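Chemist: no sequence for this one, just the structure:
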């Protein structure tokens, strides 16, 4: 299986869980330290750390330790593989609608 | 949990499996009958039908029976919920890059 498919598989498995999606949503605002990230979930810390690990193994987040504090960030571009796959699954009818949309955007007055 | 989150959850769980993703990829080309869809997978038909059912329950595909033949299609717009969620997870730096891209597209000569 090519690397692209492995990456896509890991990202989709990581996002198929609501806790992990909520972490991604939080990190899209800004990086956060682990204790702050964990607090809304009312989950035992080891379980929460396991979710973070799945996200990190999938390349969705990265983390850095400074002293005793670990800061987690969304890895920019990590969801691109999923954007790409989704774009490829557009049906012929949807492609036609896309082309119409692009045409309308290009022919619209520039300052509206 | 709002309906949007239920829908997103079902779509992501459906897509977190490589067989089901391969079915989506095939159906993005054109609708197909079940036996044709199943043939590349070398899987027992009941297992394959279970995968189709997950996709249908998630609203990703629809199917119609004519006589003894069931035709499966990708449901147009069914992946929009995922597009939308992904768009919301862009970091501030990525939003800035998006705005630059839009600016460049709008100021580029129209016929290149």
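Modeler: Looks like it came in fine. None of the values given here were measured: they were computed from a predicted structure.

Chemist: Please count neighbours and contacts with C-alpha atoms only from this point.
Modeler: Fine.

Chemist: Residue A:34 and residue B:54, how far apart?
Modeler: 34 Å (C-alpha to C-alpha, to the nearest Å).

Chemist: Where does the prediction get shaky in chain A?
Modeler: Scanning chain A for pLDDT under 70 picks out the ranges A:1-2, A:110-112.

Chemist: repeat that for 50
Modeler: For chain A, applying pLDDT under 50 flags the ranges A:112.

Chemist: What residues does it have near chain B?
Modeler: By C-alpha under 8 Å from any C-alpha of the partner chain, the residues of chain A that approach chain B are A:9, A:12-13, A:15-18, A:24-25, A:28-30, A:74, A:76, A:79, A:83, A:86, A:88-92, A:94, A:106, A:110.

Chemist: And stretch A:39-58, what's buried?
Modeler: A:48, A:51-56, A:58 (16 or more other C-alpha atoms under 10 Å in any protein chain shown).

Chemist: Next: stretch A:10-26.
Modeler: Buried positions in stretch A:10-26, judged by neighbour count with 16+ other C-alpha under 10 Å: A:10-16, A:19-21, A:23-26.

Chemist: Can you add secondary structure and give those back as JSON lines?
Modeler: Formatted as JSON lines, the buried residues of stretch A:10-26 follow (DSSP: H, G, I helix; E, B strand; the rest coil):
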{"residue": "A:10", "secondary structure": "helix"}
{"residue": "A:11", "secondary structure": "helix"}
{"residue": "A:12", "secondary structure": "helix"}
{"residue": "A:13", "secondary structure": "helix"}
{"residue": "A:14", "secondary structure": "helix"}
{"residue": "A:15", "secondary structure": "helix"}
{"residue": "A:16", "secondary structure": "coil"}
{"residue": "A:19", "secondary structure": "helix"}
{"residue": "A:20", "secondary structure": "helix"}
{"residue": "A:21", "secondary structure": "helix"}
{"residue": "A:23", "secondary structure": "helix"}
{"residue": "A:24", "secondary structure": "helix"}
{"residue": "A:25", "secondary structure": "helix"}
{"residue": "A:26", "secondary structure": "helix"}
